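[1] got a predicted model here, sequence first, then my questions.
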Amino acid sequence: MDAAPPLAFALDELRAYLAEIFPRAWSAGAHEIEAIGPLAARVRLNFHADHLRPGGTVSGPAMFALADIALYVAILAQIGRAPLAVTTNLSINFLRKPAPGDLVAEARLMKLGKRLAVGEVAIRPADSAELVAHAVGTYSLPAAR
């Protein structure tokens, strides 16, 4: 098995870079990068009442965005400054209704090629090991890295 390439960013550098390229999204404080590692990232959705859907559960769109962000963070942690890395596909299975509260997404890259990255994301409540959603996604990577 090939070793994972070294990380392109330290955690604080990646946080600063995302705040630079997406200032409105990251200044809102809805998401927080907790950790990055070889081919992996952990991102938290900081709960807000705006994340609720009727019925009192965290909405599907909030979990979908969390999965997409977690994959993007895992990819950038490996390849560095690549604002044009874009989602080409993201499929999510909602497994259980999460109660109102923070959610944590654990992203793992399964393939990091020259033009595509493929990964999966497990989403759980911050205070539980119970899986509430699982996503698989593909990103198109810019040619010059």
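    Arrived safely. On a predicted model such as this, the values are computed, not experimentally measured, just so you know.

[2] touching stretch 12-30 from outside, list them.
    Stretch 12-30 is contacted by residues 9, 31, 33, 36, 45-46, 48, 51, 73, 76-77, 81, 83 when judged by Cβ atoms under 8 Å, 6 or more residues apart in numbering. C-betas here are computed from N, CA, C, even on glycine.

[3] now it: buried residues?
    14-15, 17-18, 26, 30 (16 or more other Cβ atoms under 10 Å).

[4] just the closest of the residues you listed to Ala135, please.
    Nearest to Ala135 among the buried residues of stretch 12-30: Ala30, at 17.6 Å, using Cβ to Cβ.

[5] counting contacts, what elements does the helix or strand Asp68 falls within pack onto?
    Secondary structure from DSSP states H and E places Asp68 in helix 60-79. Helices and strands touching helix 60-79, by 3 or more Cβ pairs under 8 Å, 6 or more residues apart in numbering; DSSP states H and E, are helix 11-21, strand 31-37, strand 40-45, strand 86-94, strand 103-112, strand 116-125, strand 133-140.

[6] tell me which residue of this protein is furthest from the middle?
    Distance from the C-alpha centroid of the chain peaks at Gly55, with 25.4 Å (Cα atoms, centre = their mean).

[7] hang on, the earlier thing: mind putting the contacts of stretch 12-30 into a markdown table with pLDDT?
    Listed next are these as a markdown table, based on pLDDT from 0 to 100:
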| residue | pLDDT |
| --- | --- |
| Phe9 | 92 |
| His31 | 92 |
| Ile33 | 96 |
| Ile36 | 97 |
| Leu45 | 93 |
| Asn46 | 91 |
| His48 | 83 |
| His51 | 80 |
| Val73 | 97 |
| Leu76 | 95 |
| Ala77 | 96 |
| Arg81 | 92 |
| Pro83 | 78 |
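
[8] of these, buried ones?
    If you count burial by 16+ other Cβ under 10 Å, the buried members of the contacts of stretch 12-30 come out as 9, 31, 33, 36, 45, 51, 73, 76-77.

[9] ok, which pair from those residues is furthest apart?
    Phe9 and His51 (27.2 Å).
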